[in-house]
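Peer 1: I would like to see how this sequence folds:
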Amino acid sequence: MMKLLKISIFILALLLAQFSAAKEEIGVASAVNKNTTDLTLEEERKLVQAGYKIIQNHTLETDAIGRAALLLIDGTSFSIGPNSSVTLDKFIYNPETAEGSLEVSSRGLLRLVGGKVTKKRPALIRTNSATVGIRGGITIVQTQGLSTSAAFVYGDELTMTPNQNSSAATSLIENGFVVTVEDPTDEVSEPQQLSETFLAELQKGLEAR
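Peer 2: Numbers count the residues shown, from 1 in each chain. The predicted structure follows:
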């Protein structure tokens with residue numbers, strides 16, 4: 001009986017630790033323009049303002065005029081465009097070794113500027129059609145319907161893998177190119193030069209009006 005009680009207490013402690021980690025603050029909203037909300041696990045919408053504490057597993061969502069900038073504790077930053085969302089699925093960071101991992105889910109327009117975690121291990125951005133990996137740099141990912149485009153603005157390496165066609169994975173090590181997946185089963189397009197016009201268009205969608 002005593003042994004069973006000890007086991008039960010141990011399991012309870014593990015569950016509490018996991019719950020605590022899930023609620024741990026991992027960053028802050030550094031700037032917010034207009035309507036940005038936090039759709040929590042309890043499906044309760046909360047208005048996000050500058051200084052809002054970012055919690056793992058929460059989804060931040062913007063409306064047609066909403067934009068937001070997020071800063072994680074390792075220095076990674078996100079910019080979210082209008083009619084977009086980002087879910088911070090997984091964030092692990094050891095400040096002593098600067099190691100960890102970052103995984104997010106994205107819809108709409110998202111710019112990621114990698115911090116310490118992404119220098120050793122690529123951040124993963126999942127969309128409804130592909131997974132984009134970015135190591136040590138900057139990418140802008142845009143989804144439109146089933147299509148996902150990833151601009152390799154700067155960094156060590158960008159990868160794109162269609163969700164239902166992993167054999168078509170593509171890797172870029174030269175900055176200044178864009179790759180696209182039209183749907184989850186499709187091939188990755190040939191890299192296209194990232195023009196100043198297209199980059200300016202993406203940047204404009206991220207800027208507060």
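
Peer 1: pretty sure residue 101 contacts residue 89?
Peer 2: No: Residue 101 lies out of contact with residue 89 (Cβ atoms under 8 Å); the separation is 10.2 Å. Bear in mind the C-beta positions are built from the backbone N, C-alpha and C, glycine included.

Peer 1: so which residue is dead centre in this structure?
Peer 2: For the chain, the residue nearest the mean C-alpha position is residue 104 (3.5 Å; Cα atoms, centre = their mean).

Peer 1: who touches that residue in this structure?
Peer 2: 78, 86, 87, 88, 89, 110, 112, 123, 124, 125, 126 (Cβ atoms under 8 Å, 6 or more residues apart in numbering).

Peer 1: okay, the helix or strand encompassing it in CSV with CA atoms only?
Peer 2: In this assignment (DSSP states H and E), residue 104 forms part of strand 99-107. C-alpha atoms of strand 99-107 as CSV (Å, rounded to 0.1, in the frame of the first residue of the first chain):
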residue,chain,number,x,y,z
GLU,A,99,21.1,25.2,-26.9
GLY,A,100,17.5,24.2,-27.3
SER,A,101,14.7,23.9,-30.0
LEU,A,102,11.9,25.9,-31.4
GLU,A,103,8.8,24.7,-33.3
VAL,A,104,5.8,26.8,-34.3
SER,A,105,2.7,26.5,-36.5
SER,A,106,1.9,29.4,-38.8
ARG,A,107,-0.9,30.7,-41.0
